[in-house]
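Novice: Any chance you can model this:
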Amino acid sequence: MLMLCLTWGFNQIAIKMVLPEIPPYLQAMLRSAGALAVILTIAAIRGTKLFARDGSLKAGLFCGVLFGVEFVLIYHGLQFTSASRASVFLYTAPFFVAAGSYQFLGERLRAVQWIGLAVSFAGVAFAIGVPQPDVDARVLLGDLMVVAGAMLWAATTLCVKATALIRCPPEKALGYQVAMSIPILGLAAWFAGETIPHVPGALTLSLMAWQAIWVVGMTFLIWFSLVKVHSASKLSAFTFITPLIGVAGGYLIMHDPLTPAFGVAAMLVIAGLYLVNKPAAVVG
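Specialist: Have a look, this model is predicted:
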């Protein structure tokens, strides 16, 4: 889990580093295409029947649309906001999952989880509402696009939990999402008139391969495998580390400004994420 959190924390930084040479929608489309090849290869090695009829097609296609639009928003938002801010706002997704599970799945939330939701949303409101010298309307638009992407990420999670996708092999559930995102992102790139004017450099190509093969193609499958063996709530408790790593990495690698106001907001969001995912105490 620590390895996965490190990976996810640096992902927004990798996207920002690639943007000067590969525009956002093309970058996301190429990442999905590479990840799909990895998923199909793993499924073939494991003998997973991806095309067996199991009643998951409609839900899978719907989740795929959510997944594709999610990355349209996230990648476009990263053109406007910093990697540090995006890391914090993207990881509001667990809060939307918790709220959605209460609203749509009938799951009960403990008092500490409600407190966590309140703390995290206070952090988001503080980051967006408090004037900061390095934040203008363009940055705020990017922040809001990333938050919208986080909401769609949460909606995808809830869709998986509430439909036949929950019984699918990890390769199939993830395959639906990655495969559907390719034409959506391709259309977005076409409408935006995106092109790759020259052959990207070695660093850009390496970061693209890292995102496609490792981040999307493998870490999500590793996560699903861990959830099958270990308690999901205990694993989720680690995820508060991810935005912390993202903020630190953005500051050290991308030289993102770290104002006191945003530092307070980030700590509120991270504290709220920890409380929402804090495992319940076992009595006896």
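Novice: Ranking helices and strands of this structure by mean pLDDT, which lands last?
Specialist: Lowest by mean pLDDT, DSSP states H and E among the helices and strands of the chain is helix 232-236, with a mean of 56.
Novice: Quick check: next helix or strand after that helix?
Specialist: Later in the chain than helix 232-236, the nearest helix or strand by DSSP states H and E is helix 241-253.
Novice: Contact partners for the closest residue in space to Leu6 that isn't next to it in sequence?
Specialist: On the basis of C-beta to C-beta, 6 or more residues apart in numbering, the spatially nearest residue to Leu6 that is not a chain neighbour turns out to be Ile245, at 6.0 Å. The way it works is simple: take the backbone N, C-alpha and C, and place the C-beta from them, glycine included. Contact criterion C-beta atoms under 8 Å, 6 or more residues apart in numbering gives Cys5, Leu6, Trp8, Gly9, Phe10, Ser87 as the residues in contact with Ile245.
Novice: a markdown table for these, including distance to Glu21, pLDDT and neighbour count?
Specialist: What follows is the contacts of Ile245, written out as a markdown table (distance: C-beta to C-beta, whole Å; pLDDT from 0 to 100; neighbours: other C-beta atoms under 10 Å):
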| residue | distance to Glu21 | pLDDT | neighbour count |
| --- | --- | --- | --- |
| Cys5 | 27 | 84 | 19 |
| Leu6 | 24 | 87 | 14 |
| Trp8 | 23 | 89 | 22 |
| Gly9 | 23 | 87 | 23 |
| Phe10 | 18 | 92 | 23 |
| Ser87 | 22 | 87 | 28 |
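Novice: which of these sit farthest apart?
Specialist: Leu6 and Ser87 (12.2 Å; C-beta to C-beta).
Novice: so Leu36 touches Ile182, yeah?
Specialist: Yes: A contact is recorded between Leu36 and Ile182 when judged using C-beta atoms under 8 Å, the distance being 6.9 Å.
Novice: Look up how far Asn11 lies from Lys219.
Specialist: Heads up, residue 219 is Thr, not Lys. As defined by C-beta to C-beta, to the nearest Å, Thr219 lies at a distance of 9 Å from Asn11.
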